[in-house]
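Engineer: sequence? don't have it. structure:
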DNA sequence: AGAAAAGTGGTAAACGTTTTCCTAAAAATT
DNA sequence: AATTTTTAGGAAAACGTTTACCACTTTTCT
């Protein structure tokens, strides 16, 4: 691994000159010397040591990305978006999986601090307590958060309220009045927003809100299955169920089959997220698509703006899109 | 952000002493001074600058991970495994998504070279041409490859042959003799290995190999659907189909429904991979589970061995596991 | 008691860059 | 032709660590 010194020696110039050529500094160097240097660089296949560079200029061209679970398609897509955008400007990303474990979140942040990242994108889901956040504070103006606005950082948000509202409106348009909703943990803003959207669509159409039609589960097919069974064996049986995410929706469909109900004829089902298999489920699932990739690019762009001192808008809201498939609509 | 100098000043010692306390070096420092230092560190919330450290000791505690697509569950799980293992020893990972684009692979490697990573885990899928590999050569003894052994690096492999063979054996045990196979690109070792496993199981049971029952598609539900339709409308209609991966298997089930065939009664279907939704598909899919997470931990462990000079076995083969669900077995 | 060894601390030289000064030559101005 | 300005290059000081080397005490050994 050759160093700038080697290049300098080979080109018969000082290391300062080499550096200047490579960084196209405003300190001029003659075309001839520049060429000599470039030649030497090529011959030695020289690559500057980014560590030394980062140490000197106090900029590592690296950002940290903190997420709960990379195996979750939602976060994976976000990371993909971040990558794509980071790539454009030569940034690299250091990934941190936290499994939603507060201790690991703190650890991650501290690690990133040591590694001297230029900024952090945080998409941690629920943060219980405030320790992680206070640690984040040290990064102040170099943090972007995805999915929460209850915190003093620029935030990239999903319009869950209108997304859910759209979905329910769709069911109402199809003639449904008894629409079930399966949500999850009420300490998640995402969950409460989707519930709000559900309620608001009902209200706007003067449908009665029946709280026995609302259940709280977990974000898994198993849970969707279990909660759907409860709804379907309740007193008021819904003709449509809006599940808090696609995984739950799959569970709902499963339960429907067990009850001998055909989807969508006897029970319409709508999910949320549009995970990859939704389109190929049997029946294909009507769902609300989240622009995950855009959340990624958008957050990275916001972070880069922050880093370079440009100010970004406090909150950027991303719209969702209703994708109508067979699980809600008869033929 | 306080530096080692600040700590030294506060504790009334030299920076050398601070460093020695923090790195528990073999150069001793008295318990009393050590305590002074630790106190100062705590008071200032000092964190050593990993960049400066890396530059000095020539070890960045960072490894590069090159994969085609983080949004693919297979790779996401691998990354999760890598993370988990890396975390144990304080390593961080820099992620590189290549979209299987050779140019980006080269770019990624060079970038990692600049960032002075301690090693690289490469799981690139098919590499067309050799440029990327030759660039990798520079890392010589600090590279681990996942999923290919045709290259001179330590490799973490999946036993696709026996995995496929197990799956087909299972179908044979159920009484099937006309078993279709949908594979994909023959320039992928994974694809050819699964085909080999298919053939070998047939041979072991003295079943005739009928090449009209073998088709080549792509790794998507759409393709599985299309190829299954061809198989089901062929001259020899299979009573079971072994799809090269789960996504294709979903397509196969879809096609079966369109042909009015019940799964598994009229057509047994087996996939490969065990992606998250396979268990909750309707019907739940019999499939061959790949220990993706283990591939990750295993590769990271191998890499860390390599880095620390221990030698690793050239190839580590991971066994798969047949998971029997409803899509193959009539209760 | 004297010498050797062990314990404890500091100074300064690395690690590989970028960048601030300087300086010398060349070009432009008077 | 003398002066100023511009251009082009080098020397050396940073960036924040680790560690080799040195020096002074204290302990241990003969």
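Structural biologist: Ah, there it is. Just so we're clear, the structure is a prediction, and the values are computed from it rather than from any experiment.
Engineer: can I assume residue A:261 is in contact with residue A:232?
Structural biologist: Yes: Residue A:261 is in contact with residue A:232 according to Cβ atoms under 8 Å; the separation is 7.3 Å. Using the backbone N, CA and C atoms, a C-beta is placed for each residue, glycine as well.
Engineer: Name the residues contacting each of those two.
Structural biologist: Taking Cβ atoms under 8 Å, 6 or more residues apart in numbering or on different chains as the criterion, residue A:261 and residue A:232 both touch residue A:267.
Engineer: now the helices for chain A?
Structural biologist: In chain A, the helices defined using DSSP state H lie at A:4-11, A:15-22, A:31-44, A:50-57, A:73-88, A:102-114, A:131-137, A:160-173, A:189-204, A:221-232, A:246-258, A:292-307.
Engineer: lowest-confidence stretch among these?
Structural biologist: Least confidently modelled of the helices of chain A is helix A:131-137, at a mean of 71 by mean pLDDT.
Engineer: contacting residues around residue A:316?
Structural biologist: By Cβ under 8 Å, 6+ apart, the residues touching residue A:316 are A:154-157, A:298, A:302.
Engineer: who are the neighbours in contact with the residue of the stretch 151-300 of chain A found nearest DNA strand D?
Structural biologist: Across the stretch 151-300 of chain A, no residue is closer to DNA strand D than residue A:153, which sits at 24.6 Å (Cβ to the nearest atom of the strand). Residue A:153 makes contact with A:122, A:136, A:143-145, according to Cβ under 8 Å, 6+ apart.
Engineer: try it again with 10 Å
Structural biologist: A:120, A:122, A:133, A:136-137, A:139-145, A:302, A:306, A:314-315 (Cβ atoms under 10 Å, 6 or more residues apart in numbering or on different chains).
Engineer: got the residues of the stretch 151-300 of chain A near chain B?
Structural biologist: Contact residues (Cβ under 10 Å from any Cβ of the partner chain) of the stretch 151-300 of chain A with chain B: A:220-222, A:224-225, A:246-247, A:250-251, A:253-254, A:257, A:263, A:275-284, A:292-293.
Engineer: do that again at 6 Å, thanks
Structural biologist: A:221, A:250, A:277, A:280, A:282 (Cβ under 6 Å from any Cβ of the partner chain).
Engineer: gap between the first one and residue B:81?
Structural biologist: In other words, residue A:221. Going from residue A:221 to residue B:81 by Cβ to Cβ, to the nearest Å gives 23 Å.
Engineer: thinking again about what came up before, what about burial for the contacts of residue A:153, which qualify?
Structural biologist: Listed as buried from the contacts of residue A:153 are A:120, A:122, A:133, A:136, A:139, A:142-145, A:302, A:306; burial here means 16 or more other Cβ atoms under 10 Å in any protein chain shown.
Engineer: In the residues you listed, find the pair that's most separated.
Structural biologist: Greatest spatial distance in the buried ones among the contacts of residue A:153: A:133 and A:302, 18.2 Å, computed using Cβ to Cβ.
Engineer: Redo the buried ones among the contacts of residue A:153 as TSV? Include distance to DNA strand C.
Structural biologist: Shown next, in TSV, are the buried ones among the contacts of residue A:153 (distance: Cβ to the nearest atom of the strand, whole Å):
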residue	distance to DNA strand C
A:120	23
A:122	29
A:133	33
A:136	28
A:139	22
A:142	19
A:143	25
A:144	25
A:145	30
A:302	25
A:306	20
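Engineer: Now tabulate these in CSV and tack on distance to residue A:40.
Structural biologist: Formatted as CSV, these follow (distance: Cβ to Cβ, whole Å):
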residue, distance to residue A:40
A:120, 38
A:122, 43
A:133, 50
A:136, 44
A:139, 39
A:142, 37
A:143, 41
A:144, 41
A:145, 46
A:302, 40
A:306, 38
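Engineer: tally of neighbours for residue A:56?
Structural biologist: 11 (other Cβ atoms under 10 Å in any protein chain shown).
Engineer: And residue A:236, by the same measure?
Structural biologist: The local packing of residue A:236 (other Cβ under 10 Å) involves 10 other residues.
Engineer: tell me which residues form a beta bridge with residue A:146?
Structural biologist: residue A:156 (DSSP bridges).
Engineer: looking at it, it is touching residue A:298, isn't it?
Structural biologist: No: counting by Cβ atoms under 6 Å, residue A:146 sits too far from residue A:298 to count as a contact (8.6 Å).
Engineer: more neighbours, the two?
Structural biologist: Using other Cβ under 10 Å, the more surrounded residue of residue A:146 and residue A:298 is residue A:146, with 27 against 22.
Engineer: gap between that one and DNA strand D?
Structural biologist: Here residue A:146 is placed at a distance of 30 Å from DNA strand D (Cβ to the nearest atom of the strand, to the nearest Å).
Engineer: contacting residues around that residue?
Structural biologist: By Cβ atoms under 6 Å, 6 or more residues apart in numbering or on different chains, the residues touching residue A:146 are A:123, A:156, A:295, A:299.
Engineer: Specify which member of the contacts of residue A:153 is nearest to chain B.
Structural biologist: Of all the contacts of residue A:153, chain B sits closest to residue A:139, with 10.6 Å by Cβ to the nearest Cβ.
Engineer: What number of neighbouring residues does the nearest residue to residue A:196 once chain neighbours are set aside come out with?
Structural biologist: Nearest residue to residue A:196 in three dimensions, chain neighbours excluded: residue A:161, at 5.1 Å (Cβ to Cβ, 6 or more residues apart in numbering or on different chains). Using other Cβ under 10 Å, the number of residues around residue A:161 comes to 20.
Engineer: Quick check: the gap between residue A:161 and residue B:236.
Structural biologist: Residue A:161 is 55 Å from residue B:236, by Cβ to Cβ.
Engineer: sorry, back to before: which two in the contacts of residue A:316 are spaced the farthest apart?
Structural biologist: Counting by Cβ to Cβ, the most remote pair of the contacts of residue A:316 is A:157 and A:302, 11.5 Å apart.
Engineer: Measure how buried the closest residue to residue A:14 other than its chain neighbours is and give me the count.
Structural biologist: In space, and not counting its chain neighbours, residue A:14 is closest to residue A:8: 5.8 Å by Cβ to Cβ, 6+ apart. Residue A:8 has 18 neighbouring residues, counting by other Cβ under 10 Å.
Engineer: Please verify my assumption that residue A:8 contacts residue A:17.
Structural biologist: No: counting by Cβ under 6 Å, residue A:8 stays clear of residue A:17, with 7.1 Å between them.
Engineer: Regarding stretch A:250-268, how distant is the last residue from the first?
Structural biologist: End-to-end span of stretch A:250-268 (Cα to Cα, to the nearest Å): 12 Å.
Engineer: contacting residues for residue A:273?
Structural biologist: Contact partners of residue A:273, counting by Cβ under 6 Å, 6+ apart, are A:245-246, A:290.
Engineer: Residue A:325 versus that one, what's the distance?
Structural biologist: According to Cβ to Cβ, residue A:273 stands 13 Å off from residue A:325.
Engineer: I'd like to know how far the closest residue to DNA strand C within the stretch 201-331 of chain A sits from residue A:61.
Structural biologist: Nearest residue of the stretch 201-331 of chain A to DNA strand C (Cβ to the nearest atom of the strand) works out as residue A:308 at 14.6 Å. Residue A:308 sits 12 Å away from residue A:61, taking Cβ to Cβ as the criterion.
Engineer: burial of the closest residue to residue A:169 other than its chain neighbours, as a residue count?
Structural biologist: Excluding its sequence neighbours, the residue lying closest to residue A:169 (Cβ to Cβ, 6+ apart) is residue A:201, at 4.8 Å. Counted with other Cβ under 10 Å, the neighbours of residue A:201 add up to 23.
Engineer: I appreciate the help and will end here.
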